[in-house]
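Undergrad: Coordinates only, no sequence provided:
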C-alpha cells in the first residue's frame, strides 16, 4: 500500500450565509473553482495530472445539485478533469479527503483534489427536502429530532449549563480573533475575487471578537419552541427516559454560524509529490466514519476518534492538536469530556461558532487549519473530527513529515 | 340498496338505502350494488350526469366494521378495500359529471364517496357531520380519503381531518373547501340537478388529473411541506408515544401518496390500510371501542326476565360535587331530580353547580337558553326527606362515613316507595356492610360513579350479597337512561375499577422506594399511553388521600394488615415532608406559579437512586402488568366479567384502547411472555406478582380472553 500525503490545503474566507453576506453574489461552482485554481497556481500541476476532484456538499440541491464538483471543474477551466460530488452532510468535506486518500493508498490514483463547497445563502439547508427528515416512516420510528434539540439533549445529559456553553462559545470567538490577528490562517486563505480580479472577501465575516459570556447571556434559546411546542423534546425523552426535561441552552451565539465557503486539499502519493517538486506537508495516518445513536445525533466524533486512534495504534495522548467541529458548543464539550482531552489542545484557533460552518466545506477546512497550526507550533500529529446529521461521526489523523 | 332513477333530462339519481342495516354503511353488498349502479350510469348513453344521495337521515355513515373485523390477512384486506377504491376512481375518471347531494352526515367512506364526485353540495343542516374519523378506531380512510383531501385543500389543512378525525358541520366544510356549496335541504336535489345540467366540460376532470395540476399549499417535498411533515412527527409521537399506528400510517399515505400520481397514491393507501386492518392494536381498538362498548351500552347481559324499568323522578342525597354533578346529569337526561342536603344553602349550592355548567354551554352556543331553563327547572333542592316519596330511585352521595350513610339510609327508606331503588354511590365502603342497616336489602345497590360525574362515562353497578337481580337490571336501565356506560361488579373492597387501577400508582411508588429514577418512572408512564404519568397522577388525586386510605385500611384490618411496599413513600411524603399533592402546590412535583410542573428535586435526597437502574421497558411492564394481574384476579374471584373488566379500564381510568383494555393487554402481550415477566418479578414481590391460577390454566390450554 502507498502512503497518502497532504501536499497543500486552501480555503476561502467564510461569508455570512445570507443575502447581505459578501459571498452571496458568488455561485457555489465558481466559489469552489477559486480554491481549485489556487491549488494549481501554488503547486504548479497541470489539470490533466489530477485523477479526480471530489467535493463534499451537504445540500446538493438547486444550484448545488447534479454534481457540483463537475460544475466546479468547468468553472475552473479544468474541463477534462472528472469531478464527483459527495454528501455526508457535515462530514462531506472530510469524507472527500478520506475517499481521495483511500484512492492514493490503494494505488488507484496518484494525485487528487478533495474538498467541499457550500453556499448556504443561495441553497438553504433542506432546500431539496430529503427522506430522512421528511418521511414519517423514517423520522418517527428513528426518533429524528432537529439537531438543535439533539445538542440541547447532549448538554442536559452530560450536565453542561448555559454558562458552560456560553463560556466555550466566547472562547471560540476570542481564539478565532487572535488567530486572525496573528495571521495564523494566512497560509490557507484564498481571497474570493470577482470576474475582474477585485477582492470580494479576504477575511472570515462571521467572527465577533467582542463577544462575551455576558453578551451571549441575553440571547434566547433557539430550540425551545421546537422542542416543547412541536413535541420534539417528548420524542427525545422516549430515547432518554432517565431525564425529566431537556434544558434548551443553545442559541445563535453558541451554535455554528450559517456561512458560505469552499475548501480544497491536494492529496497525492510520494511519486506525485516528487513529480510536482512539492514537499509533502503531512501523511494521512488513519481515517473513517462511524454511525451513532440518531436521536442524540451529534456524539459521533467520540466513537469516530476512538476508531481511528485504534487503527493507528495511538491513544488520545499521542495527538498534539484536535479539531472537533463546533456544530454546537455542547458537541465539543462532550467530546473533550468523554475522551478526557485538555481544552488547550482542541480548536485552538476557534471554530465554527466564531467563523461559521459551510456544511460540505468545513471538514477539509479543518484539515488545513490543524495542519497550519501543527507547522506553526512545530508539532507532529493532528486529528480532525466532525459530528454528522442522522447520527454519524467522521475522523482523520494526520502526521507531519 | 342503491335505488337507480333516470329522468328525461338524462340525470341519473343513485340513492343510498341500505335497508338491512340500521344505517347506510359500506359493506360487501352495498359496495357491489353501488358499483353496479355506477357502471350502469356510466355505460348508459342516455345518462348525462349522476346525483349520488341517500334516502335515510344520514348520507353514508362509513364502513361496516363487521367487514373489517373479519379481515384476517393483508391479502384479504386488499381484496376487501380494493373494490370501493376502484369504483370511486372509475366514477371520477368516467368523464360524466357526478355530484354528491349530501343530505345527512357523510363520515368515513361516506365522505370519501363525496370526495370522488366532481361536485359536492351539502344541505345547510348544522347537525350534519362531515369527516374521516377512521383514525379514532385505528384505521385510515381507504377509499381515497388520504389522497383526495390533501389534493383538494392542501396537506396542512387536510392533516387535522385525517390525523385527529376532526369533523366539520356544513358551514365549516364549505369554508375548508371540503364541499363546494351549501343549500337549503329542500333545494338539495334541484340544485344538484341544476349543476349537472350546466356543468362545464372541464368539471369532469379533477385538478389532479390535469397536466397543469399544482398541489395546493405545496407538494410533500416543497419547503413548507417539509416543515409540516417534520413537525407532525414530533407532535404525533409525543401524543401517541408510538403506540397507535394509525396516525403514522395516515401520515405515510399523505407523504408517499402525494408525491406520485393519484392512482399510485391509491395503491399506497390500500397497502397501509392492510397493515392497520391486520394489526393487533387496531383489532383491539375496534373490539373495545365499538363492539364491547355497544354491548355494554345496550345492556347485553342484563337479566332478560326483568321488565325494563322507566324512571321519571329520582333523588340525590348530598349536594357535594358528586351529588351535584349527578343531579345535573339526570336533569339533562330529562329526569326530575330532588337534590337533598342538610341545609337549604348546601342544596342550593349543589343546584348552582349544574347551573354553572349549563351557563358555560349556553355561552359556547352548545345549548339554548330554554334547554338550560328546562334542565334547571327539573332540579328541586330540598332538606325534606318527605320529598323522596314519589321517587323511582334514591342515590346517596354523602361523606364516606358509615354512620352518616346509615342515617341517610334509614331516613330515606322511611319515605320512599316499596319499589324504589336505594343506591349508594360509595367508592370505598363495601355494599354488604352498608346494606346491613337497610330494611330492604334486595332493593339496595351500589352505584359507583366517577368524578366529575358530568364528564366520566362509567358507572360501576355494585351487587351486594342481598341485592336482587331485579334491582341490578333496573340499575342498569337507569345507567342507560342517563347515558352512562354501566358495568356490573360484585361487592369487594374498592370494587373493581379502583382496585385494579390502584396498581398503577402503587407500583410507581414501590419503584420509587426501590430507588428507581423518578424520571424513568414518569417517562415509562407516558410511554404506556396511560392518561398521566403515575407520580403526577398521585399528585392530582392527592398524596394525602392515598395516605388516608392506607391508614383506614390499617385501622380496619388491625394486626392482619400487611404492609405494602408503597406505604413507606406515603408516610414519608405526608408525615415527614408534608408534600400532600397538587392542591397544596407540593407533591412529587413542584407546581410553580407560572404553570407547568417539575419533579421535585428533593426526591433524590429522601428516596436515593439505586446504582443499578432498570431499563424503561421493565418499568413500563411493571406499571402495566400489575394492573392486568389485579384485573385477572377480580375475574378469577367472580367480581367482574371479562368484557366489563376491559370496558371499566377504558372508561374508568383511561387504560389504553390499543391494548384492548386491561385484560386485552394480556392477550396482546401473550400469556407466556406475561407470566414469565410476572414470575420473575414475583421473586421480589411474591404477592403483587402472584400469577392467578386462571392465567396459568389459560396459558396451558392456549386460551385467550377475547
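TA: Looks like it came in fine. Given the structure is predicted, the values throughout are model-derived calculations rather than measurements.

Undergrad: Those residues of chain B touching chain A, which are they?
TA: Taking CB under 8 Å from any CB of the partner chain, the part of chain B that reaches chain A is made up of B:220-223, B:225-226, B:229-239, B:241-242, B:248, B:251-252, B:255-256, B:517, B:519-520, B:522-524, B:526-527, B:598-599, B:613, B:616, B:619. Quick note: C-beta positions are derived from backbone N, CA and C, even for glycine.

Undergrad: Out of those residues, which sit inside strands?
TA: Using DSSP state E, the subset of the residues of chain B next to chain A located in strands is B:598-599.

Undergrad: Average the pLDDT values over stretch A:373-384 and round to the nearest integer.
TA: Across stretch A:373-384, pLDDT averages out at 98.

Undergrad: That one: end-to-end distance?
TA: 13 Å (CA to CA, to the nearest Å).

Undergrad: again with stretch A:62-79
TA: End-to-end distance for stretch A:62-79: 22 Å, by CA to CA.

Undergrad: Quick one: residues in contact with that stretch.
TA: Applying CB atoms under 8 Å, 6 or more residues apart in numbering or on different chains, the contact partners of stretch A:62-79 are A:27-30, A:32-34, A:36-37, A:40, A:47, A:50, A:53-55, A:57, A:60, A:81-86, A:117-119, A:122-123, A:127-128.

Undergrad: just to revisit the earlier point, drop anything exposed from the residues of chain B next to chain A.
TA: B:220-221, B:225-226, B:229-238, B:241-242, B:248, B:251-252, B:255-256, B:517, B:519-520, B:522-524, B:526-527, B:599, B:616, B:619 (16 or more other CB atoms under 10 Å in any protein chain shown).

Undergrad: Next step: the residues you listed restricted to helices.
TA: For those, the ones inside helices are B:225-226, B:229-238, B:248, B:251-252, B:255-256, B:519-520, B:522-524, B:526-527, B:616, B:619, with DSSP state H as the criterion.

Undergrad: which one is residue B:138 nearest to, not counting chain neighbours?
TA: Excluding its sequence neighbours, the residue lying closest to residue B:138 (CB to CB, 6 or more residues apart in numbering or on different chains) is residue B:282, at 3.5 Å.

Undergrad: and that neighbour, what does it touch?
TA: By CB under 8 Å, 6+ apart, the residues touching residue B:282 are B:137-139, B:245-246, B:276.

Undergrad: so which pair among those residues is furthest apart in space?
TA: Greatest spatial distance among the contacts of residue B:282 (CB to CB): B:137 and B:245, at 12.2 Å.

Undergrad: what about the residue lying closest to residue B:614 once chain neighbours are set aside, how many residues close to it?
TA: The spatially closest residue to residue B:614, leaving aside those adjacent along the chain, is residue B:516, at 6.3 Å (CB to CB, 6+ apart). Using other CB atoms under 10 Å in any protein chain shown, residue B:516 is surrounded by 22 other residues.

Undergrad: which non-adjacent residue is nearest residue B:462?
TA: For residue B:462, the closest residue by CB to CB, 6+ apart turns out to be residue B:446, at 2.6 Å.

Undergrad: try residue B:232
TA: Nearest to residue B:232 is residue B:251, by CB to CB, 6+ apart, at 5.9 Å.

Undergrad: OK, contacts around that neighbour?
TA: Listed by CB under 8 Å, 6+ apart, the contact set of residue B:251 reads A:136, A:140, B:159, B:163, B:229, B:232-233, B:236.

Undergrad: For those, name the two members farthest from one another.
TA: Of all pairs in the contacts of residue B:251, the most separated under CB to CB is A:140 and B:159 at 14.3 Å.

Undergrad: So in that sheet, which strands flank the host helix or strand of the residue nearest to residue B:462, and in what orientation?
TA: Using DSSP states H and E, residue B:446 sits in strand B:444-449. If you go by DSSP bridges, strand B:444-449 pairs up with strand B:421-424 (parallel), strand B:458-463 (antiparallel).
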